[in-house]
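The sequence and its predicted three-dimensional model are supplied below.
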Amino acid sequence: MQDNIISALKNIVGQENVLTTKAELTPYTHAEFPIKRRIPAVIRPGSTAEVQQVVKLASDHALSLYPISTGKNWGYGSANPVRDDNLILDLSRMNRILEVNTELAYAVVQPGVTQQNFYDYLENNQTGLMMDPTGSGPSCSILGNSLERGYGITPHGDHFSFVCGLEVVLTDGEVLHTGFGHFENSKVDRVFKWGVGPYLDGLFTQSNFGIVTAMGVWLMPKPECIEACYFSCEREEDIYPLIDALRWLLQNNVIRSSINLAHRNRVLTMLMQYPWEQMKGKTPLDPQLALHLAAERKVGAWNGVCGIYGTKGEAKEAKKVVRKVLRGKVSRINFVSGTLLRFMEKYPGPLSLVTGMNVRELVKVIKPSFGILSGKPSEVSLASPYWRSRKKPPQSNINPVADNCGLYWFAPVVPMVQGHAREFINIVQTTLTRHGFEPCIMFSTVTERCFDCNLPILYDKEDPEQTRKAGECYEDVFGACMRAGYIPYRVGIQSMEQLVSKDDPFWKTVQRIKSALDPREILSPGRYCR
């Protein structure tokens with residue numbers, strides 16, 4: 001890159017915030033699947049004004065920019081751009097919580113605000129409010145996940161549904177405020193998301209139309225009662241009648257949170273690493289050994305978790321209905337409150353003698369998931385990428401990219417009915433088994449009508465043969481599900497060109513909007529766009 005451009009960028013954001021050496025760029029080039037992108041430099045602005053100046057410079061010199069919030073887009077490309085020769089615009093220095101309104105239960109955050117930052121602020125300032133964390137870990141961005149239309153498991157799980165008002169830097173350097181935010185002295189920009197006139201916020205999710213530098217987010221007042229509901233069924237086939245029961249509970253507002261339903265393989269990846277010694281180095285995991293390992297850990301064929309929220313009276317009545325509806329469809333159902341969890345932590349020995357269970361180990365499993373249901377971010381899901389790695393996951397500050405773990409995320413949407421679930425499970429199990437990988441299915445109820453399947457393809461990235469097979473497996477399951485009509489709600493950078501290549505009026509329209517808002521195509525070329 002020309003020295004005069006680097007010098008101009010340093011003048012805008014400061015010399016220490018323009019990274020150009022190989023050592024400085026390496027963290028941005030790593031991913032959990034094989035990908036090599038040329039990244040000339042990383043720019044780390046600290047304010048909206050600096051973003052504006054960088055955008056104007058990029059437009060003047062026809063430079064491509066690729067904005068990231070914290071770059072923890074693990075399994076989808078991490079901090080890498082879709083195409084070569086993009087300057088990474090790392091917004092992690094913009095990490096201020098600009099406002100928290102406890103009466104109206106909303107906040108305004110910048111891109112660099114992580115789940116842990118946000119949780120700590122809400123707790124330390126005794127706001128009485130809770131956030132909805134994802135399983136992606138404490139270091140991931142609140143704003144970034146919302147713009148990818150991600151979700152969690154509390155009643156505020158559909159993150160974009162609870163976004164209210166964006167600040168966006170457009171590619172000509174202008175700042176757009178969506179909703180009511182563009183009206184002078186507006187007092188309602190964070191309380192009514194639609195504004196007046198065309199609704200523009202959605203244009204800046206999963207797109208490359210502008211750079212979001214601040215976002216309003218609605219929060220949830222902490223309820224009087226939060227209880228976790230854990231349930232499981234012993235046979236593979238038991239999932240199908242269970243689906244009908246879960247759909248009823250959601251559609252009738254008995255359960256207001258999301259419901260996670262994980263196959264035994266997926267749970268095992270969170271509790272242990274691949275048993276290389278028992279398998280004598282062979283893959284995939286033998287089904288009989290999987291059954292044995294699951295039985296040792298009291299893991300069913302399918303394992304569910306959801307939250308009960310409300311007053312004590314509401315929780316009591318909800319639990320009665322849940323028990324009644326799930327009776328005969330699950331082999332085990334337990335409700336865990338914060339009080340019970342603290343009791344288990346205090347007296348693990350006596351409780352183990354009475355129950356015949358290893359209560360100390362049980363607490364290790366339950367506590368993080370209960371924390372997520374209570375709005376506390378956790379690293380509980382971050383052990384899964386280490387499933388086939390020869391490295392052990394660290395006790396804290398887990399970073400699967402830095403540890404060279406192998407992971408492809410595939411996230412198709414499946415209607416919440418028995419027939420579609422059966423067809424989809426058959427596609428996944430057949431395809432992954434044929435390629436030598438464990439089908440680690442987890443269904444999450446993103447609405448009361450559909451699941452998202454969080455499907456990881458886990459492999460040893462330091463093994464070239466496994467790496468090759470994992471890529472082939474991803475392409476095969478992606479293609480098979482697309483043909484069957486189970487479309488992913490988000491994709492990694494390696495799939496975007498394939499997704500948009502079809503001659504489709506939808507993507508033609510997207511391109512027309514792109515041409516209008518970014519005529520020089522400086523922003524994230526190829527991202528969900530031709």
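Looks like it arrived, so ask away. Numbering: from 1, shown residues only.

For residue 310, give its distance to residue 93.
Using Cβ to Cβ, to the nearest Å, residue 310 is found at 40 Å from residue 93. Every residue, glycine included, has its C-beta placed from N, CA and C.

quick one: contacts for the residue lying closest to residue 396 once chain neighbours are set aside?
Distance criterion Cβ to Cβ, 6 or more residues apart in numbering; nearest residue to residue 396, sequence neighbours excluded, is residue 379 at 6.9 Å. Neighbouring residues of residue 379 by Cβ atoms under 8 Å, 6 or more residues apart in numbering: 137, 138, 368, 396, 398.

Mark which of the residues you listed are buried, thanks.
137, 138, 368, 398 (16 or more other Cβ atoms under 10 Å).

Mind telling me what element the second one is part of?
Using DSSP states H and E, no element contains residue 138; it sits outside every helix and strand.

So it is in contact with residue 114, correct?
Yes - at 6.3 Å, residue 138 counts as touching residue 114 under the criterion of Cβ atoms under 8 Å.

helices and strands around the helix or strand of the chain with the lowest mean pLDDT, which ones?
Of all the helices and strands that make up the chain, helix 348-355 has the lowest average by mean pLDDT, DSSP states H and E, namely a mean of 80. Applying 3 or more Cβ pairs under 8 Å, 6 or more residues apart in numbering; DSSP states H and E, one finds that helix 348-355 contacts helix 359-373.

Strand partners (parallel or antiparallel) of the following helix or strand past the helix it packs on?
With elements assigned by DSSP H and E, the helix or strand that comes after helix 359-373 is strand 406-410. Counting by DSSP bridges, the strands paired with strand 406-410 are strand 455-459 (antiparallel).

ok, then the element right after the strand it pairs with?
Assigned by DSSP H and E, the successor of strand 455-459 is helix 464-484.

Which strands and helices lie in contact with that following helix?
Helix 464-484 packs on strand 406-410, helix 418-435, strand 455-459, going by 3+ Cβ pairs under 8 Å, 6+ apart.

Serialize these to JSON lines and add fields for mean neighbour count, distance to residue 288 and mean pLDDT.
Converted to JSON lines, these look like this (neighbours: other Cβ atoms under 10 Å; distance: least, Cβ to Cβ, whole Å; pLDDT from 0 to 100):
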{"stretch": "strand 406-410", "mean neighbour count": "24", "distance to residue 288": "25", "mean pLDDT": "97"}
{"stretch": "helix 418-435", "mean neighbour count": "17", "distance to residue 288": "14", "mean pLDDT": "98"}
{"stretch": "strand 455-459", "mean neighbour count": "26", "distance to residue 288": "20", "mean pLDDT": "98"}
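
TSV for those, including distance to residue 441?
As requested, the helices and strands packed on helix 464-484 are exported to TSV (distance: least, Cβ to Cβ, whole Å):
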stretch	distance to residue 441
strand 406-410	10
helix 418-435	6
strand 455-459	6
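
number of nearby residues for residue 150?
Residue 150 has 23 neighbours, counted by other Cβ atoms under 10 Å.

how far away is it from residue 134?
From residue 150 to residue 134 the distance is 6 Å (Cβ to Cβ).

cool, and residue 295?
For residue 295, the distance to residue 134 - Cβ to Cβ - is 30 Å.

ok, those two, which is more surrounded?
Using other Cβ under 10 Å, the more surrounded residue of residue 295 and residue 134 is residue 134, with 21 against 12.

quick one: secondary structure of residue 516?
helix (DSSP: H, G, I helix; E, B strand; the rest coil).

per-residue pLDDT, it?
As predicted, residue 516 sits at a pLDDT of 97.

same deal with the one 5 residues further on?
In this prediction, residue 521 carries a pLDDT score of 95.

what about it, neighbour count?
Neighbours of residue 521 (other Cβ under 10 Å): 15.

Return the set of buried residues in stretch 459-476.
Result for stretch 459-476 [16+ other Cβ under 10 Å]: buried residues 459, 460, 461, 463, 466, 467, 469, 470, 471, 473, 474, 476.

Confirm residue 239 sits in a helix?
Yes - under three-state DSSP, residue 239 falls within a helix.

I'd say it and residue 302 touch.
Yes - when contacts are counted by Cβ under 8 Å, residue 239 is listed as touching residue 302 (4.8 Å).

Leaving aside the residues adjacent along the chain, what's closest to residue 462?
Setting aside the residues directly before and after it, residue 462 is nearest to residue 404 in space (Cβ to Cβ, 6+ apart), at 6.2 Å.

circling back to that earlier point, ok, the contacts of residue 379 vs residue 329, which is closest?
Nearest to residue 329 among these: residue 368, at 26.3 Å, using Cβ to Cβ.

correct me, but the closest one touches residue 378?
Yes - Residue 368 lies in contact with residue 378 (Cβ under 8 Å); the separation is 4.0 Å.

In terms of residue numbering, what are the domains of this structure?
As given by automatic domain parsing, the domain ranges for the chain are 3-90, 97-221, 225-484.

So which of those is nearest residue 501?
domain 225-484 (12.0 Å).

Quick check: end-to-end length of that closest one?
42 Å (Cα to Cα, to the nearest Å).

now it, how far from the centre of its chain.
Centre-to-centre, domain 225-484 and its host chain are 15 Å apart (Cα atoms, centre = their mean, to the nearest Å).

which residues are common contacts for residue 150 and residue 134?
Common neighbours of residue 150 and residue 134, using Cβ under 8 Å, 6+ apart, are residue 159.

just to revisit the earlier point, would TSV of the buried residues of stretch 459-476 with distance to residue 130 be doable?
Converted to TSV, the buried residues of stretch 459-476 look like this (distance: Cβ to Cβ, whole Å):
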residue	distance to residue 130
459	36
460	38
461	36
463	42
466	40
467	40
469	42
470	37
471	39
473	38
474	35
476	40
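
hmm, back to that, residues touching the residue nearest to residue 462, list them.
Taking Cβ under 8 Å, 6+ apart, one finds 30, 389, 391, 461, 462 in contact with residue 404.

any idea how far it is from residue 38?
Noted for residue 404: a distance of 20 Å to residue 38, by Cβ to Cβ.

What of residue 530?
Between residue 530 and residue 38 the distance, using Cβ to Cβ, works out to 21 Å.

picking that back up, what's the closest of the helices and strands packed on helix 464-484 to residue 442?
Among those, strand 455-459 sits nearest to residue 442 (Cβ to Cβ), with 7.6 Å.

That closest one to helix 464-484, inter-axis angle?
Between strand 455-459 and helix 464-484, the angle comes out at 160 degrees (axes from the mean of the first three to the mean of the last three Cα atoms, to 10 degrees).

what's strand 455-459 in contact with?
For strand 455-459, using Cβ under 8 Å, 6+ apart, the contacting residues are 75, 266, 269, 384-385, 387-388, 406-412, 428, 432, 437-442, 466-467, 469-470, 473-474, 477.

hey, what's residue 212 bridged with?
Legend: beta-bridge partners of residue 212 under DSSP bridges are residue 168.

Done for today, thanks.
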